[in-house]
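Colleague: sequence first, predicted model second:
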Amino acid sequence: YIAALAYRNLPLVLKKKCLVQATPWTPCSRTCGIGISSRVTNENKKCEMKKEKRLCFIQPCLTNILKTIKVTTNL
């Protein structure tokens, strides 16, 4: 019962005899470049609570941009 309280306020949808529940996606693991975001949901064939992960991208990293820029001087 205590574990069920954690999912009490989640958005609920009924799909094929499965009350679909999902936590919000976590913030991206990185502030720049490619990171990972995750959530827990039972939106799968077995209606089991599982952790899902997805790639996230907030903005390019400045250091990566500087490595690709070539500065030439004509002196």
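Modeller: Structure's in. What do you need? Numbers count the residues shown, from 1 in each chain.

Colleague: where does this protein have low pLDDT?
Modeller: By pLDDT under 70, the weakly predicted segments of the chain are 1-15, 64-71, 75.

Colleague: just give me the neighbour total for the nearest residue to residue 43 once chain neighbours are set aside.
Modeller: Nearest-residue entry for residue 43: residue 20, 4.9 Å, with adjacent residues in sequence omitted and distances by C-beta to C-beta, 6 or more residues apart in numbering. Placement of C-beta: from N, CA and C, glycine included. Other residues near residue 20 come to 16 when the count uses other C-beta atoms under 10 Å.

Colleague: surely residue 20 and residue 42 touch.
Modeller: Yes. Taking C-beta atoms under 8 Å as the contact criterion, residue 20 and residue 42 are neighbours in contact, 6.2 Å apart.

Colleague: on that earlier part again, tell me the phi and psi of the residue nearest to residue 43?
Modeller: Main-chain torsions, residue 20, degrees, to the nearest 10: phi -70, psi 130.

Colleague: dig out what it forms beta bridges with.
Modeller: Residue 20 forms beta bridges with residue 13, as assigned by DSSP bridges.
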